[in-house]
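Asks: Below is the structure, and that's it, no one-letter string:
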Ligand SMILES: [Zn+2]
């Protein structure tokens with residue numbers, strides 16, 4: 001379900017997490033050259049890299065019927081302070097390009113209104129707590145009965161996309177699916 005690559009056995013994420021999204025997929029593993037590219041994309045001001053990833057992600061949509069059914073493509077938001085530091089939200093760049101490629105509407109549906117700590121060194125409970133009430137729907141946006149396709153650069157622990165899925169479902173979305181450029185190993 002979560003899109004991790006398995007060589008047998010059960011996925012620890014899918015066993016441990018009450019995943020609220022329907023499906024998560026990514027065209028690439030977060031390794032080697034892909035990892036370097038995503039780093040340059042996020043931290044070295046190369047927004048064009050996002051358009052390159054969008055093409056690979058469009059191929060995933062072409063091969064996955066439940067993605068093709070989505071009504072709206074939306075990015076995982078950055079807090080405005082971080083967006084100002086970086087100059088752009090990498091997920092917005094991917095999501096906008098993807099919307100053009102596959103012909104599904106693009107909309108920014110939610111915002112991150114807390115400048116959350118980095119998730120990297122937190123355990124699962126701390127990560128969830130760190131994101132409590134971190135996201136809310138943008139004013140005037142409605143997700144009722146919508147099938148939402150949520151876009152991010154990397155699927156790492158799934159905590160962030162799960163929190164946003166919860167927000168959309170609480171506001172009446174009929175489903176949330178997740179597509180990222182890469183999947184952490
Ligand atoms: Zn899984």
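Replies: Happy to help now that I have it. Treat the numbers as computed from the prediction; the structure is a model and nothing was measured.

Asks: Give me the phi and psi for residue 103.
Replies: phi 70, psi 30 (degrees, to the nearest 10).

Asks: beta partners of the residue sitting nearest the centre point of the chain?
Replies: With distances taken as C-alpha atoms, centre = their mean, residue 152 lies nearest the centre of the chain, 2.9 Å away. In this structure, residue 152 bridges to residue 180 when assessed by DSSP bridges.

Asks: Quick one: mean pLDDT for the longest helix along the chain?
Replies: Counting residues, the longest helix found in the chain (DSSP state H) is helix 48-63. Average pLDDT, helix 48-63: 97.

Asks: For it, name the packing helices and strands.
Replies: When contacts are defined as 3 or more C-beta pairs under 8 Å, 6 or more residues apart in numbering; DSSP states H and E, helix 48-63 packs onto helix 32-43, helix 65-68, helix 90-102, strand 147-155, strand 175-183. Heads up, the C-betas are built off the backbone N, CA and C, glycines and all.

Asks: tell me how far that helix is from the chain's mean position?
Replies: When C-alpha coordinates are averaged (C-alpha atoms, centre = their mean, to the nearest Å), helix 48-63 and its chain have centres 13 Å apart.

Asks: Please identify the buried residues of it?
Replies: 49, 50, 53, 54, 57, 58, 60, 61 (16 or more other C-beta atoms under 10 Å).

Asks: Tabulate these (JSON lines), appending distance to the ion.
Replies: Compiled in JSON lines, the buried residues of helix 48-63 are given as follows (distance: C-beta to the ion, whole Å):
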{"residue": "49", "distance to the ion": "27"}
{"residue": "50", "distance to the ion": "25"}
{"residue": "53", "distance to the ion": "21"}
{"residue": "54", "distance to the ion": "24"}
{"residue": "57", "distance to the ion": "19"}
{"residue": "58", "distance to the ion": "23"}
{"residue": "60", "distance to the ion": "16"}
{"residue": "61", "distance to the ion": "20"}
